[in-house]
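[1] Predicted model, plus sequence, below.
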2 protein chains.
Amino acid sequence: MKKLINSPDDVVKESLEGVAAAFPGRLRVSFDPPMVIRADAPVQGKVGLISGGGSGHEPMHGGFVGPGMLDAALPGEVFTSPTPDQMQAATQGVDGGAGVLHIVKNYTGDVMNFDMAADLARADGVEVEAVVTNDDVAVEDSLYTAGRRGVGITVILEKICGGAAEDRRSLQEVAELARRVNANGRSMGMALTPCITPASGSPSFELADDEVEIGIGIHGEPGRFREKIGPASQIAERLLTPIVEDLPFSSGDRVLAFVNGMGGTPLIELFLMYNEVAKLAERHGLTIERNLIGNYITSLEMQGCSITLLKLDDEMVRYWDAPVNTPGLRWGA
Amino acid sequence: MKKLINSPDDVVKESLEGVAAAFPGRLRVSFDPPMVIRADAPVQGKVGLISGGGSGHEPMHGGFVGPGMLDAALPGEVFTSPTPDQMQAATQGVDGGAGVLHIVKNYTGDVMNFDMAADLARADGVEVEAVVTNDDVAVEDSLYTAGRRGVGITVILEKICGGAAEDRRSLQEVAELARRVNANGRSMGMALTPCITPASGSPSFELADDEVEIGIGIHGEPGRFREKIGPASQIAERLLTPIVEDLPFSSGDRVLAFVNGMGGTPLIELFLMYNEVAKLAERHGLTIERNLIGNYITSLEMQGCSITLLKLDDEMVRYWDAPVNTPGLRWGA
């Protein structure tokens, strides 16, 4: 294992120290329990948005904290759920009187802990809604999941719902929008290489020199199948066809297309993949109205990519386009 | 070699097609010769900024085209200089009557071709200035270089000079600022792994499972030395000490600190490295006033990082903070 770290035990803490040092005026970082919070939280009258999960998926979620997106992110250890006390503390910390939305990826530990945190927060008098993302069409149940895994749509949902919260929409409205985004989004990923968690020091799985894993999870969980690596056009088709058939997307639909890198894949390949996705989308009659291309929900240094399609409506487009100012996504005012 | 590509010969072209598909309103992409140009170029009365070099370093340079940064980027084949005719065409295409600045990294092929392009453009009546970046303190001469290599400062220079050009500073003023940024910037990089160019299909060099290369170039050119991998704190010290001693930076200096990933290194490690850089800078009495952390000048999927320090003055800070709207850097209005 070769990594830019000091000790496997300190990776998450020391990386958070780097975040704290890099963005002192914009983010507050606490360590006990670990949290990344908007410097100006709680914002009075605004629904608070929090998310969290295991570390190792950066910039998600800590890089998405700031105006127009999340109010707080809770990092667990690498690929390990954060704890209910972290979530409860963040819920209290971002409640500006309009309630708090928990954005939860569908992994057993995350769901259980966010459930407990919501109960604790409600007992403290905070209004809490939760949305669970489960957009991964690759497998129905998996190593850490009952039902489908939550993956790329989570990033898109955090942006869109962040825009709605800034617009002072109510907790029920933001939660309803979040569920609509999740319901209209589908994803699937693939890996060229495994990743190595600092704690284990060894690859999360083995792949032959000429093999890819189609339908991989973001923790290296098994996908649908392995095959000899083919051209990018074939890989894009392997991912996009199950996505399009699952919703189903129909000719004439307006979509947001998200080509995401798994962490170790360079942009030159991601843009080449986007080119394939754009061609396939056109063949299905889909109009890509918005796109996002880059490493946003990653698996440490894993090489590979995932594709997410979201069937758009006007409200989603409006809040996607709204200003955002976070370390990981930044545009507008 | 496992990559998300169709054919080694088509990587650059198809990745550019992805760029064209992703940003139709913002960028114009041409293929013969290959260029990425601001949609609104030429901007009348504004100095035009162009840069270019081998592909494989994305988002540099194509990802930095847009308001507040470059007017055009010229991509060569992977790790291969673009040609004088590309550069000449871009120079013509972005000249809004105020002249054009060529931003050239110090590699023999790039320097020679930009020299020829400048002569051709001047013969066509376009006023051209050129600045050559050579901030890499690792080695004096190298595989592709007489003198020092141009690396991380190029990204910072493109942003700062892009701000000055938007502010309608003259060609001489923008060129003088560019030379000052280069003169006050120093960089050094390291690699955990080699990269594989699509054309060669094999690693650019071999490193043992427990070794790192300190002082690596962005094409996998040899650095200063190899050693057993140590903690991040040691790696940061190996890079920062030669940088600080070279300029020299002095206690009390205000600096911009840039922790750059080589392409395959995840953000969790880059932020951990930034934490080490911040501690070392403090020990040297340097005040980090601005920072940039992420994969900006890369070597395909190479794992590793580089550090750049720039001694800041007020004008540099002002133009660093100015609005920018490119695929790779975006903030402000």
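    Now that the structure is in, tell me what you want to look at.
[2] who touches residue A:193 in this structure?
    Contact analysis of residue A:193 by CB atoms under 8 Å, 6 or more residues apart in numbering or on different chains lists A:207, A:264, A:301, A:302, A:303, A:304, B:2. Where C-beta positions appear, they are placed from N, C-alpha and C, glycine not excepted.
[3] Model confidence for it, exactly?
    We have a pLDDT of 96 for residue A:193.
[4] and the closest residue to residue A:289 other than its chain neighbours, how many neighbours?
    In this structure, residue A:289 finds its nearest non-sequential neighbour in residue A:254, 4.8 Å apart by CB to CB, 6 or more residues apart in numbering or on different chains. Number of residues near residue A:254 (other CB atoms under 10 Å in any protein chain shown) recorded here: 16.
[5] my guess is residue A:254 meets residue A:309, correct?
    No: contact criterion CB atoms under 8 Å: residue A:254 and residue A:309 do not qualify, at 10.6 Å.
[6] any common contacting residues for these two?
    Both residue A:254 and residue A:309 are in contact with residue A:286, where contact means CB under 8 Å, 6+ apart.
[7] Relative to residue A:38, how far out is the residue nearest to residue A:289?
    According to CB to CB, to the nearest Å, residue A:254 stands 31 Å off from residue A:38.
[8] returning to that earlier point: so how far is residue A:201 from the residue nearest to residue A:289?
    Distance, residue A:254 to residue A:201, using CB to CB: 46 Å.
[9] Repeat that for residue A:270.
    Distance, residue A:270 to residue A:201, by CB to CB: 28 Å.
[10] Pick out whichever of the two has more residues nearby.
    Taking other CB under 10 Å, residue A:270 and residue A:201 do not tie; residue A:270 has more neighbours (23 against 10).
[11] does the more buried one really touch residue A:261, like I thought?
    Yes: with contact defined as CB under 8 Å, residue A:270 reaches residue A:261; the gap is 5.1 Å.
[12] Quick check: neighbours shared by the two?
    What both residue A:270 and residue A:261 touch, as defined by CB under 8 Å, 6+ apart, is the set A:294, A:295, A:305.
[13] Which residues are in contact with the second one?
    Think residue A:295. Counted by CB under 8 Å, 6+ apart, residue A:295 has contacts A:59, A:260, A:261, A:262, A:263, A:265, A:270, B:266, B:267, B:295.
[14] can you do 7 Å?
    Counting by CB atoms under 7 Å, 6 or more residues apart in numbering or on different chains, residue A:295 makes contact with A:260, A:261, A:263.
[15] Also the first one?
    By CB under 7 Å, 6+ apart, the residues touching residue A:294 are A:261, A:267, A:270.
[16] Please repeat the previous calculation with a cut-off of 10 Å.
    Neighbour list for residue A:294: A:59, A:258-261, A:265, A:267, A:270-271, A:274, A:328-329, B:59, B:63, B:294-295, B:327-328 [criterion: CB atoms under 10 Å, 6 or more residues apart in numbering or on different chains].
[17] Mark which of those residues are part of strands, please.
    The strands, defined by DSSP state E, take in A:258, A:259, A:260, A:261, B:294 from these.
[18] nearest to residue A:25, of those residues?
    Nearest to residue A:25 among these: residue B:294, at 18.7 Å, using CB to CB.
[19] give me phi/psi at residue A:95?
    phi -80, psi 110 (degrees, to the nearest 10).
[20] Dump the contacts of residue A:295 to a markdown table, plus distance to residue A:43, pLDDT and neighbour count.
    Below are those laid out as a markdown table (distance: CB to CB, whole Å; pLDDT from 0 to 100; neighbours: other CB atoms under 10 Å in any protein chain shown):
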| residue | distance to residue A:43 | pLDDT | neighbour count |
| --- | --- | --- | --- |
| A:260 | 29 | 98 | 27 |
| A:261 | 32 | 98 | 25 |
| A:263 | 31 | 97 | 28 |
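[21] which among those gets closest to residue B:154?
    Nearest to residue B:154 among the contacts of residue A:295: residue A:261, at 22.9 Å, using CB to CB.
[22] what about the strands in the stretch 51-200 of chain A?
    Remark: strands assigned in the stretch 51-200 of chain A by DSSP state E, counting those that start in this stretch are A:72-78, A:100-105, A:128-133, A:185-191.
[23] Tell me which residues touch residue A:77, please.
    Per CB under 10 Å, 6+ apart, neighbours of residue A:77: A:8, A:9, A:11, A:12, A:13, A:34, A:54, A:55, A:56, A:197, A:198, A:199.
[24] Can you tell me the closest non-neighbouring residue to the fifth one?
    If the residues on either side of it in the chain are set aside, residue A:13 comes closest to residue A:31, at 6.4 Å by CB to CB, 6+ apart.
[25] ok, that neighbour - how many residues close by?
    Residues within reach of residue A:31, counting by other CB under 10 Å, total 11.
[26] Could you pull up the residues touching it?
    By CB under 10 Å, 6+ apart, the contact set of residue A:31 is A:12, A:13, A:16, A:17, A:20.
[27] Name the nearest residue to the first one, ignoring sequence neighbours.
    Leaving aside its chain neighbours, residue A:12 sits nearest to residue A:55 (4.7 Å; criterion: CB to CB, 6+ apart).
[28] Could you check how far the one you found is from residue A:19?
    To residue A:19, residue A:55 is 11 Å away according to CB to CB.
[29] Find the nearest non-adjacent residue to residue A:211, please.
    Once flanking residues are discounted, residue A:211 sits nearest to residue A:226: 5.3 Å by CB to CB, 6+ apart.
[30] Identify the residues contacting the closest residue to chain B within the stretch 51-200 of chain A.
    Across the stretch 51-200 of chain A, no residue is closer to chain B than residue A:58, which sits at 4.0 Å (CB to the nearest CB). Counting by CB under 10 Å, 6+ apart, residue A:58 touches A:15, A:19, A:64, A:75, A:263, A:295-298, A:300, A:327-328, B:266-271.
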